[in-house]
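Trainee: Make a model of this:
(one chain, ligands or ions: 2)
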Amino acid sequence: MTRKVSILGSTGSIGCSTVGLIERKPDTFDVVALTGGRNVTRLAKQARALGAEIAVTAFDDCLEPLRDALSGTGIEVAAGEMALCEAAGRPADWVMSAIVGAAGLPPGLKALEQGTTLALANKESLVTAGSLLKSTAAGSGARILPVDSEHSAVFQGLVGEDIETVERVIITASGGAFRDWPMEKLASATLAEASSHPNWDMGKRITIDSASMFNKALEIIETHEFFNIDPDKIEVILHPESLIHALVGFCDGALMAHVGPHDMRHAIGYALNWPERDHLPVERLNLAEIGQFTFHEPDDERYPALAQARWVMEEGGLAGAVFNAAKERALDGFIEERIGFLDMAAVVADVIEIMSGEGLGLAAITLDSVQQADETARMRAGESILRRQR
Ligand code: NAD
Ligand code: MG
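Mentor: Ligands and ions are numbered 1, 2, ... in the order given. As a prediction, this is how the structure comes out:
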């Protein structure tokens with residue numbers, strides 16, 4: 001029997017890897033929806049190759065080029081956020097959520113409403129609206145599977161275990177592009193320098209977020225939300241080789257580590273094949289060649305984002321939406337080369353300071369309240385960027 005699948009954000013880094021895995025098994029999968037942004041040529045090519053039912057671009061002005069590229073194929077085309085949500089809500093057995101940023105939340109929720117299995121790469125939706133995502137899934141009988149490599153690793157480490165016996169969860173961080181840079185140099189780090197990762201080949205935004213550790217900050221919150229684990233049981237360790245993705249520590253002192261190559265097709269494939277395992281075209285590690293695994297404690301002063309994540313978990317409620325939106329806006333400011341690398345954390349700190357007295361922790365989490373908090377936080381971040389602009 002074939003399985004119906006959709007890929008939200010199919011043209012991105014995670015999306016393309018997912019397409020690659022699905023392409024290998026044409027008799028196993030029926031592709032319902034593929035969605036992308038401005039890369040219409042790639043989206044059309046994927047839709048043709050996979051025989052998708054519908055291709056959707058997030059942007060209205062990309063509709064005509066998409067229509068042209070798919071004319072005569074019988075593949076439906078559409079554009080805009082509403083169309084994206086409609087496509088995400090079409091019945092499917094498995095949906096990959098791989099849009100980058102808070103824009104992934106509404107279509108992710110639509111997919112959950114129809115009771116699908118949602119493979120979640122879009123960590124931003126758990127950070128901004130974790131309780132809403134989980135209650136929507138519980139209401140429809142949907143299931144959320146992690147795709148972030150660390151969270152897939154923890155998930156695999158927990159198979160057959162009682163969560164009550166978990167003493168701690170350790171997620172690893174490579175340290176990103178600047179892990180060996182002296183602190184004084186970081187302020188003048190350029191966009192080009194921040195945009196290349198020593199180990200992983202990823203989208204531009206998450207690559208920069210890895211250098212600033214904002215990605216790890218999101219992942220601490222994601223761990224808390226996904227596994228319902230107390231914040232004080234979640235640790236981060238720097239592991240430059242990026243081969244151990246996470247470790248789960250149990251009450252008997254055992255640490256179960258997940259080891260694998262830095263290739264997202266492993267975590268994507270695990271979610272695609274779950275609850276079974278299937279052959280995946282990823283490198284088999286030669287441990288003797290690798291020789292050693294190294295670890296270091298992350299420096300809180302160097303990575304203020306980590307403490308900001310702790311604030312989010314302590315505050316709860318809309319704090320995640322505020323943090324993520326401020327971070328996304330600060331990242332825009334850095335990408336536009338209006339502020340420096342270290343200013344990103346300073347902008348987020350400004351927004352936290354301004355908004356932390358606003359009862360964020362007490363607010364109900366609805367799509368509306370999350371989007372409103374997101375909008376306000378982006379505005380405050382924009383003001384902070386103006387003040388700090390170079
Ligand atoms: P990417 O930038 O390569 O791709 C993003 C996708 O989202 C593209 O298809 C793009 O067209 C689409 N998109 C962008 N803006 C949009 C909008 N406003 N509305 C709708 N669609 C939009 O990103 P990526 O690196 O593939 O990351 C995707 C998600 O997966 C992110 O949440 C990221 O944190 C997470 N993730 C990525 C990796 C990785 O290795 N790349 C690893 C773990 C988690
Ligand atoms: Mg990760």
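Trainee: neighbouring contacts of stretch 83-95?
Mentor: 3-8, 32-33, 35, 53-54, 56, 58, 78, 106-108, 110-111, 113-114, 116-119, 272 (CB atoms under 8 Å, 6 or more residues apart in numbering). Using the backbone N, CA and C atoms, a C-beta is placed for each residue, glycine as well.
Trainee: Please determine how far the closest residue to ligand 2 within the stretch 101-250 of the chain is located from ligand 1.
Mentor: For the stretch 101-250 of the chain and ligand 2, the shortest gap (CB to the ion) falls at D148, measuring 4.1 Å. Using CB to the nearest ligand atom, to the nearest Å, one obtains 5 Å as the distance from D148 to ligand 1.
Trainee: need the contact list for the closest residue to ligand 1 within the stretch 101-250 of the chain.
Mentor: Nearest to ligand 1, among the residues of the stretch 101-250 of the chain, is G203, at 2.5 Å (CB to the nearest ligand atom). Contact partners of G203, counting by CB under 8 Å, 6+ apart, are 12-14, 100.
Trainee: In the protein, what helix or strand scores lowest on average pLDDT?
Mentor: Within the chain, no helix or strand scores below helix 183-186, which has a mean of 91 by mean pLDDT, DSSP states H and E.
Trainee: helix or strand right after it?
Mentor: helix 191-194 (DSSP states H and E).
Trainee: and that next one, how far out from the chain's middle?
Mentor: Put simply, helix 191-194 sits 21 Å off its chain's centre (CA atoms, centre = their mean, to the nearest Å).
Trainee: Show me what counts as buried in it.
Mentor: 193-194 (16 or more other CB atoms under 10 Å).
Trainee: can you list contacts of it?
Mentor: 176-178, 207-208, 211-212, 334-335, 337, 341.
Trainee: again, only this time at 7 Å
Mentor: 177, 208, 211, 334-335, 337, 341 (CB atoms under 7 Å, 6 or more residues apart in numbering).
Trainee: Stretch 216-231 now?
Mentor: 123-124, 126-127, 130, 146, 148, 150-151, 154, 166, 169, 171, 173, 234, 236, 305-306, 308-310, 312-313, 320, 324.
Trainee: mind running it again at 8 Å?
Mentor: So stretch 216-231 is contacted by 123-124, 126-127, 130-131, 133-134, 144, 146, 148, 150-151, 154-155, 158, 163, 166, 169, 171, 173, 209-210, 234, 236, 298, 303, 305-306, 308-310, 312-314, 320, 323-324, 327 (CB under 8 Å, 6+ apart).
Trainee: What of stretch 284-301?
Mentor: With CB under 8 Å, 6+ apart, stretch 284-301 has contacts from 172-173, 175, 183, 213, 216, 236-241, 243-244, 259-261, 306-307.
Trainee: circling back to that earlier point, out of the contacts of G203, who's the most crowded?
Mentor: I14 (27 neighbours; other CB atoms under 10 Å).
Trainee: Helix or strand: which one has that one?
Mentor: Per DSSP H and E: helix 13-23 holds I14.
Trainee: Could you see whether ligand 1 lies near that helix?
Mentor: Yes. Using CB under 6 Å from any ligand atom, helix 13-23 reaches ligand 1 at 13-15.
Trainee: Tell me who's in contact with P198.
Mentor: Contacts of P198 by CB under 8 Å, 6+ apart are 174, 176-177, 179, 240.
Trainee: related to what we said a few turns ago, out of the contacts of stretch 83-95, which sit inside helices?
Mentor: Secondary structure assignment by DSSP state H places 106-108, 110-111, 113, 272 of the contacts of stretch 83-95 in helices.
Trainee: List the residues that contact the nearest residue in space to S369 that is not next to it in sequence.
Mentor: Using CB to CB, 6 or more residues apart in numbering and skipping the chain neighbours, the partner closest in space to S369 is A363 (5.6 Å). A363 makes contact with 317-318, 369, 373 under the criterion CB under 8 Å, 6+ apart.
Trainee: before we move on, what about S149?
Mentor: Counting by CB under 8 Å, 6+ apart, S149 makes contact with 245-246, 260, 262, 264, 266-267.
Trainee: One more pass at 6 Å, please.
Mentor: 245, 267 (CB atoms under 6 Å, 6 or more residues apart in numbering).
Trainee: Likewise for V56?
Mentor: 35, 78, 83-84, 87.
Trainee: which two from the contacts of helix 191-194 end up farthest apart in space?
Mentor: Spatially, the most separated pair among the contacts of helix 191-194 is A177 and E337, at 16.3 Å (CB to CB).
Trainee: Comparing those two, which residue is more hemmed in?
Mentor: A177 (21 against 10).
Trainee: one step back: which among the contacts of V56 count as buried?
Mentor: 35, 78, 83-84, 87.
Trainee: and of these, the nearest to M355?
Mentor: L84 (28.4 Å).
Trainee: what's the pLDDT at the closest one?
Mentor: For L84, the pLDDT comes out at 98.
Trainee: Can you say which helix or strand has it in it?
Mentor: Using DSSP H and E, L84 falls in helix 81-88.
Trainee: Name the next helix or strand downstream of that helix, please.
Mentor: Helix 81-88 is succeeded, C-terminally, by strand 94-97 (DSSP H and E).
Trainee: For that following strand, what is the distance to the chain centroid?
Mentor: 13 Å.
Trainee: Residue of this structure nearest ligand 1, please.
Mentor: G12 (1.9 Å).
Trainee: and that residue, backbone torsions?
Mentor: phi -80, psi -170 (degrees, to the nearest 10).
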